[in-house]
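Colleague: got a predicted structure here, sequence first:
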Amino acid sequence: MSKLVATAAQTIGPYWALIEHPEWADLLRAGGPNEGYAKGERIALSGQITDGDGAPCVDAVVELWQADPEGDYEAGFHGYGRSRCDAEGRFHFTTVKPGPVKGRGNATQAPHVTLSIFARGLMNHVSTRLYFAGEPLNETDPVLAQVPAARRGTLVARPTAPGAWTLDIRLQGDNETVFLEV
Amino acid sequence: MSDPVGYLPVAPGSQPPLDSPGYGSTHKRHPKQAPIRIAPTLTESLAPKLTERDYPAFADLSVHEGHQAQGERIIVGGRVLDENGRPVPHCMIEIWQACSTGRYHHPLDTHDAPMDPNFKGEGRVFTDENGAYRFVSIKPGAYPWRNHRNAWRPNHIHYSLFGTGFAQRLVTQMYFPGDPLLPLDPVFNAVADAGARDRLICGLDMDVGREEWALGYRFDFVLRGRDATPMENPQ
């Protein structure tokens, strides 16, 4: 039986940059929790966040949470990063490609990262997942299977160069990103 | 290994809708499609381990490079709990706020009020074994924000909290008791439930403050809790 009710969220507002640490967008940074981490494939993740008019959300912030290259969250890799959006509304992360993650029951989840978006005008953050185009496990991923096929592409990043992946996030309107809640 | 236990459903009216028309910036930024509800996997049930080694604490916002900020010194303290009433130990809390005149230490803030050079407005603390936290600051001022005619934000402090599962992530704002701007504020009033709104207001607490030094305010955070009963298939 629940005794308390979770505190209401309030927008992060326009001035969250007071707690900004731009280096957190590089999960492999020197001096950071993953310094010297040598496993897996180093990748760059980026994308543009746009609003219902297609205008870039230049004051948004994106948080990333992911498993290590073996799909483990607790084996030493610090899978958390935060990136502000630049003047074009783009976020940029440097990290390693996650491996397949154990799912519920006997399921296996395709490699993915969670992206949470916070911004002025978002009363609460919204969360989605970034999957990698061409992964065979995408075909059997239990979360992707819950997304209508016509919208599934909003969760799948495409390669733009070796080791570079991009996924744009549309907060509202045509091709609106699928957001997830638990 | 058994499956992660689900989170308790959101209590009706306790969270602000993304489509909150009184707050103009939501118009073009709220998704129009409902989110897809998924059963929690390891991805949603685990969270980064954020420690003081990698994220150093700084619990006194009232002093910047050895100089005292202007304004009314305050101490804010309380606990972080989950919905089952269990303390959340080692929880990282990020803090940011305006100075006593209502200015943020930020280039986009152009409000015509004197900026306190000795107040940067950023803090970071961790809860102890019992979920308790405490920091020292300056009571923030109100400031105009152009949302509607003569719009002013009530005094508030921003917080960001990380729980033990990424699904518990919380970013919120704390308000002060008796602020006459509260009934006029569309961000505060986006929360439909009056009790949930009241819980965003800290309480004056003479045990939190320090005699002849600072007033104290108590504010407890509640993060989402796990459901004791098995979750139904969300499909």
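Modeller: Nice, thanks for sending it over.

Colleague: contacting residues around residue 69?
Modeller: Using chain A. Residues in contact with A:Pro69 (Cβ atoms under 8 Å, 6 or more residues apart in numbering or on different chains) are A:Lys39, A:Gly40, A:Glu41, A:Phe77, A:Val96, A:Lys97, A:Pro98, A:Gly99. Where you see a C-beta, it was placed from the backbone N, CA and C, and this is true even at glycine.

Colleague: chain B, not that one
Modeller: B:Leu61, B:Ser62, B:Val63, B:Cys99, B:Ser100, B:Asp116, B:Asn118, B:Phe119, B:Ile138.

Colleague: tell me which stretches of the chain form helices.
Modeller: Just going to use chain A. A:142-146, A:149-152 (DSSP state H).

Colleague: chain B, not that one
Modeller: Under DSSP H, chain B gives helices at B:42-45, B:194-198.

Colleague: reformat these as CSV; add mean pLDDT, distance to chain A and mean neighbour count.
Modeller: What follows is these, written out as CSV (pLDDT from 0 to 100; distance: least, Cβ to the nearest Cβ, whole Å; neighbours: other Cβ atoms under 10 Å in any protein chain shown):
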stretch, mean pLDDT, distance to chain A, mean neighbour count
helix B:42-45, 97, 5, 23
helix B:194-198, 98, 5, 15
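
Colleague: make CSV out of those helices and add distance to B:Asp179.
Modeller: Shown next, in CSV, are those (distance: least, Cβ to Cβ, whole Å):
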stretch, distance to B:Asp179
helix B:42-45, 35
helix B:194-198, 12
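
Colleague: so how far is B:Asp227 from the residue nearest to B:Asp3 when sequence neighbours are not counted?
Modeller: Spatial nearest neighbour of B:Asp3, excluding adjacent residues (Cβ to Cβ, 6 or more residues apart in numbering or on different chains): A:Arg104 at 4.6 Å. Going from A:Arg104 to B:Asp227 by Cβ to Cβ, to the nearest Å gives 15 Å.

Colleague: list the contacts for the residue of chain A found nearest chain B?
Modeller: Nearest to chain B in chain A, going by Cβ to the nearest Cβ, is A:Gly121, at a distance of 3.1 Å. Contacts of A:Gly121 were listed using Cβ under 8 Å, 6+ apart, and they are A:Thr11, A:Asp51, B:Tyr23, B:Gly24, B:Ser25, B:Thr26, B:His27, B:Lys28, B:Arg29, B:His30.

Colleague: with those residues in mind, which one is nearest to B:Pro144?
Modeller: B:Pro144 has its nearest neighbour among the contacts of A:Gly121 in B:Gly24, at 13.9 Å by Cβ to Cβ.

Colleague: measure how buried the closest residue to that closest one other than its chain neighbours is and give me the count.
Modeller: Once flanking residues are discounted, B:Gly24 sits nearest to B:Asn147: 5.3 Å by Cβ to Cβ, 6+ apart. Other residues lying near B:Asn147 total 15 when counted by other Cβ atoms under 10 Å in any protein chain shown.

Colleague: what segments of the chain are strands?
Modeller: All of this is about chain A. For chain A, the strands defined by DSSP state E occupy A:42-50, A:61-66, A:80-84, A:90-96, A:101-102, A:108-109, A:112-118, A:126-132, A:156-161, A:164-166, A:169-170, A:180-181.

Colleague: please refer instead to chain B.
Modeller: Using DSSP E, strands in chain B cover B:36-37, B:63-64, B:67-68, B:73-82, B:92-97, B:122-126, B:132-138, B:143-144, B:152-153, B:156-161, B:170-175, B:203-204, B:215-218, B:221-223.

Colleague: show me the contacts for the residue sitting nearest the centre point of chain A.
Modeller: Centroid-nearest residue in chain A: A:Leu115, 2.2 Å away (criterion: Cα atoms, centre = their mean). Applying Cβ under 8 Å, 6+ apart, one finds that A:Leu115 lies in contact with A:Val62, A:Glu63, A:Leu64, A:Ser127, A:Thr128, A:Arg129, A:Leu130, A:Leu167, A:Ile169.

Colleague: quick check: the two most widely separated of those?
Modeller: A:Glu63 and A:Leu167 (14.5 Å).

Colleague: ok, and the closest non-adjacent residue to the closest residue to chain A within chain B?
Modeller: Going by Cβ to the nearest Cβ, chain A is nearest to B:Ser25 of chain B, at 3.1 Å. Distances taken as Cβ to Cβ, 6+ apart put A:Gly121 closest to B:Ser25, at 3.1 Å, once the chain neighbours are dropped.

Colleague: please report how far the residue nearest to B:Gly24 lies from B:Pro186.
Modeller: Distance check for B:Asn147 against B:Pro186: by Cβ to Cβ, it reads 6 Å.

Colleague: okay, and the common contacts of the two?
Modeller: Common neighbours of B:Asn147 and B:Pro186 (Cβ under 8 Å, 6+ apart) are B:Tyr23.

Colleague: out of the helices of chain B, flag the one nearest A:Asp26.
Modeller: helix B:42-45 (21.5 Å).

Colleague: below-threshold pLDDT in chain A: ranges please.
Modeller: Residue ranges of chain A with pLDDT under 70: A:1-2.

Colleague: switch to 50 and redo it
Modeller: For chain A, no stretch is flagged by pLDDT under 50.

Colleague: same question, chain B
Modeller: Along chain B, segments meeting pLDDT under 50 span B:234-235.
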